[in-house]
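Asker: Provided below are the primary sequence and the corresponding predicted coordinates.
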Amino acid sequence: MVCRPDEPSRNPERSKLMTTFEIRAFVTISTGHVTAATAKILNNTPCAEWPCVGGSYADYGWFFYAHDENAGVADQRIPDDLFAVMTWARQKGFSHVLLDRDAEQVEDLPWHDW
């Protein structure tokens, strides 16, 4: 069934209008804030198998949710350097991070020259 915007939905579950919008903010910082080992994991692991929600950003880096806890074990544990980026982002009020190879460095985070 196709519902045009000017027609009410025939599905009662969808007939309610959204009254509040969930807005998320993300920050763009350099890929150099993760180690070469973590970059290799992100590049070589299908995003469905990542230890965090996210994916590649073309050939430029990675976009991911800034988890507020690292509860995984073994290969599902978020690498410490990546989790440090997430923790920093959460402290600054961001829910997501875009690590971009062309972005600026952040003074508050370690830098890895790879």
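Answerer: It's in.

Asker: only C-alpha atoms for contact and neighbour calcs from this point on.
Answerer: Noted.

Asker: Now L42: which helix or strand?
Answerer: In the assignment (DSSP states H and E), L42 maps to helix 36-44.

Asker: What are the contacting residues of that helix?
Answerer: W50, S56, W62, P79, D81, L82, H112, W114 (Cα atoms under 8 Å, 6 or more residues apart in numbering).

Asker: Just the pLDDT for the nearest residue to the second one once chain neighbours are set aside.
Answerer: The shortest distance from S56 to any non-neighbouring residue, by Cα to Cα, 6 or more residues apart in numbering, is to W62 (4.2 Å). Here, the pLDDT recorded for W62 equals 97.

Asker: Kindly state the beta-bridge partners for W62.
Answerer: Note on W62: beta-bridge partners by DSSP bridges are S56, L99.

Asker: Now do the contacts for it.
Answerer: Contact partners of W62, counting by Cα under 8 Å, 6+ apart, are L42, G54, G55, S56, L98, L99, D100.

Asker: For L99, see how far away it is.
Answerer: Counting by Cα to Cα, to the nearest Å, the gap from W62 to L99 is 5 Å.

Asker: ok, now V27?
Answerer: Going from V27 to L99 by Cα to Cα gives 8 Å.

Asker: Between the two, which has more neighbouring residues?
Answerer: The residue with more neighbours, out of V27 and L99, is L99; 24 against 14, by other Cα atoms under 10 Å.

Asker: Run a quick check on the more buried one versus T31, I expect a contact.
Answerer: Yes. With contact defined as Cα atoms under 8 Å, L99 reaches T31; the gap is 4.8 Å.

Asker: neighbours around A58, how many?
Answerer: Residues near A58, counting by other Cα under 10 Å, number 9.
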